[in-house]
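**Student:** My questions are about this predicted structure, shown below with the sequence.
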Amino acid sequence: MYRYIFGPVPSRRLGYSLGIDPLPSKICSYDCVYCEVGRTIQKTIERKEYVPADLILDELFRFLEETRFRIDVITFSGSGEPTLHSGLGYMISKIKERTDIPVAVLTNGSLLWLDEIRQELKVADIVIPSLDAVSPEIFIKVNHPHLSITPDKVIEGEAKFRKIFNGKYWLEVLIVKNVNDKESEYRKIAEAVKLINPDKVQLNTVVRPPGSGRAEPVDVKELEKLQLIIGEKAEIIPPFEAKSEKGGNLTLLDNLINMLEIRPCTLDELSAVLGVEKESIKMALEGLKYKNIMIEKEVNGEVFYKIKRKEGVV
Ligand code: SF4
């Protein structure tokens, strides 16, 4: 079993993404209402080597040797804010020395005002920072940031990073019903997008069950409204399209646990990623349910499965 590597999971933007989770759960500079992982246990902006970087790399390289999954991208994400790991730049460089698989970093963007982080992320292939609000009161409502972080600081850091980063730079905006879904806020976000100048702006809403159950999705019409205001760079993230493939030499149960420990998935997604018929997946899920280590939750008519976290929060 692997501790820091998960997936490959179906990503609506990246295809089959092999995740690296470089932080113990759950350390972040935000505590977003929509977070799939659950409430932030340690809200901080302190960078340190929370887990030895070489341990993570050893596991990753072992995984790449041992398995035969299709992997489109290696993604730093997981159960916290990856830029808080002080070895992030070192790990990205080492991965790029060993493999041609593109490296992506999903970040909330809150620490890009730090020059050292901009320099470390420069060597990644894809960086996807977030910006969910510009007005301070809405920013607090949606992201519950560390006290030292303001929207101006986030926008400044994201704009500075654009100037030195030549890879794919996609800004993510996530809209939550009754939180940041006001037209006046959309216009402010559109102004910030001009300053940041990303390659694309990906519009998203709550798709998977948030860990604390606090956030609700908006209708696609809201995302279309925001898309019109931002203009041609904006796109609505499409649902994951299933492509069938692969196998691997872990058991089906191991693979399911690996995937569902990190993020909730639907039956269709599990079947597509693991290349296993839905009936077999259903039986394995029943087994996990029987052992009382898995929960299921319905969002927008779709059932998502997830492994329970040890402390009982999902
Ligand atoms: S969604 Fe991302 S940024 Fe927000 S609390 Fe969760 S891990 Fe942190």
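**Tutor:** That came in fine, so what should we check first?
**Student:** residue contacts, Met1?
**Tutor:** Applying CB atoms under 8 Å, 6 or more residues apart in numbering to Met1 gives the contacts 254, 257-258. Quick note: C-beta positions are derived from backbone N, CA and C, even for glycine.
**Student:** Relative to Ile257, how far out is it?
**Tutor:** Taking CB to CB, to the nearest Å as the measure, Met1 falls 8 Å from Ile257.
**Student:** how about the helices in the stretch 151-300 of the chain?
**Tutor:** Per DSSP state H, counting those that start in this stretch, the stretch 151-300 of the chain carries helices over the ranges 151-164, 183-196, 220-230, 252-262, 267-274, 278-290.
**Student:** what is the rounded mean pLDDT of the shortest one?
**Tutor:** The one in question is helix 267-274. Averaged over helix 267-274, pLDDT sits at 82.
**Student:** roughly how far is it from the heart of the chain?
**Tutor:** 18 Å (CA atoms, centre = their mean, to the nearest Å).
**Student:** and it, C-alpha only, in PDB?
**Tutor:** Provided in PDB are the C-alpha atoms of helix 267-274 (Å, rounded to 0.1, in the frame of the first residue of the first chain):
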ATOM      1  CA  LEU A 267     -19.200   4.100  -9.800                       C
ATOM      2  CA  ASP A 268     -18.700   5.200 -13.400                       C
ATOM      3  CA  GLU A 269     -15.400   6.800 -12.500                       C
ATOM      4  CA  LEU A 270     -14.200   3.800 -10.600                       C
ATOM      5  CA  SER A 271     -15.100   1.500 -13.400                       C
ATOM      6  CA  ALA A 272     -13.400   3.700 -16.000                       C
ATOM      7  CA  VAL A 273     -10.200   4.200 -14.200                       C
ATOM      8  CA  LEU A 274      -9.800   0.600 -13.000                       C
END
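**Student:** And that helix, what does it pack against?
**Tutor:** strand 5-11, helix 252-262, helix 278-290, strand 302-307 (3 or more CB pairs under 8 Å, 6 or more residues apart in numbering; DSSP states H and E).
**Student:** Repeat that for the first one.
**Tutor:** Taking 3+ CB pairs under 8 Å, 6+ apart as the contact definition, the neighbouring helices and strands of helix 151-164 are helix 115-121, strand 168-175, helix 183-196.
**Student:** Try it again at 7 Å.
**Tutor:** helix 115-121, helix 183-196 (3 or more CB pairs under 7 Å, 6 or more residues apart in numbering; DSSP states H and E).
**Student:** What ranges in the chain fall below the confidence cut-off?
**Tutor:** By pLDDT under 70, the weakly predicted segments of the chain are 209, 211-213, 238-251, 309-314.
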